[in-house]
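Student: Here's a sequence, model it:
(one chain, ligands or ions: 1)
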Amino acid sequence: MAPLTDRPFGEPAVVVGVTRILGRSGARMEVLRPVDLGGLTVGGCTVPASRPVDVDLDLECDGAAIVATGTVRAVADGECRRCLDLFPVSVDLRVREVFERRPTEGETYPIVGETIDLAPVLRDAVLLALPLAPLCRPDCPGPAPERFPTGGPTAPENGEEPEPVVAPDPRWAALSELRLDD
Ligand SMILES: [Zn+2]
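Tutor: Numbers count the residues shown, from 1 in each chain. Below you'll find the model as predicted:
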């Protein structure tokens, strides 16, 4: 178990004192507050540092363990994978995690002294809930045409139909060079 001082720089702790419920099975306390997780990024989504994540958790002592259940709400800045516009991505998720003196790697979280640190729980929950490739809306048509000129057919000058412009297949590039040499 890593001591709290080994925390990577820039990742704030959300330490909660649990003295009044520790070892008293069935005793509960509430954690209801905005917390700063120091910025979270996954794929095309970022929760900037200093933007609070809303936490509403019930902590209950269960024997030697503490069980945290409740909701976590965060709003990320998402970059649409089609049109690249920025738009808000809200996550509102249920969490249920267990804290123990001797935590199981990847399954439970540590009780240190008479405190628990909620930050790793919140960070893991929000990162898993955010979409890797967000869409601003389900039918996003993609980039506006003027951003990526297509080089399509130009208007006819003499009333004839314009020649259709067909993108050259790179596999034929060598052949068309041969023809130009004739
Ligand atoms: Zn979009």
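
Student: what residue ranges in the protein score low on pLDDT?
Tutor: The chain contains residues with pLDDT under 70 at 1-10, 145-182.

Student: change it to 90
Tutor: 1-12, 50, 142-182 (pLDDT under 90).

Student: can you give me the helices for it?
Tutor: Secondary structure of the chain by DSSP state H: the helices cover 119-129, 173-181.

Student: what's the first one packed up against?
Tutor: Secondary-structure packing of helix 119-129 (3 or more C-beta pairs under 8 Å, 6 or more residues apart in numbering; DSSP states H and E): strand 40-42, strand 53-62, strand 65-79, strand 86-100. No exception for glycine: its C-beta is placed from N, CA and C like everyone else's.

Student: Please tabulate the ones you listed in CSV and include distance to the ion and mean neighbour count as additional columns.
Tutor: As requested, those are exported to CSV (distance: least, C-beta to the ion, whole Å; neighbours: other C-beta atoms under 10 Å):
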stretch, distance to the ion, mean neighbour count
strand 40-42, 18, 16
strand 53-62, 25, 18
strand 65-79, 9, 19
strand 86-100, 7, 16
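
Student: now the residue positioned nearest the centre of the chain: how far from Ser25?
Tutor: Centroid check for the chain by C-alpha atoms, centre = their mean gives Leu130 as the closest residue, at 3.3 Å. Leu130 sits 35 Å away from Ser25, going by C-beta to C-beta, to the nearest Å.

Student: Which positions in the chain make contact with the ion?
Tutor: 80, 82-83, 136, 140 (C-beta under 5 Å from the ion).

Student: repeat that with 8 Å
Tutor: 80-85, 87, 135-137, 140-142 (C-beta under 8 Å from the ion).

Student: What's the ChimeraX syntax to select whichever of these are buried?
Tutor: In ChimeraX, a selection of the buried entries from these looks like this (16 or more other C-beta atoms under 10 Å):
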select :80,81,83,135,136
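
Student: Pull the contacting residues for Leu84.
Tutor: Pro143 (C-beta atoms under 8 Å, 6 or more residues apart in numbering).

Student: now swap in Gly17 and tell me
Tutor: Taking C-beta under 8 Å, 6+ apart as the test, what Gly17 contacts is 114-115.
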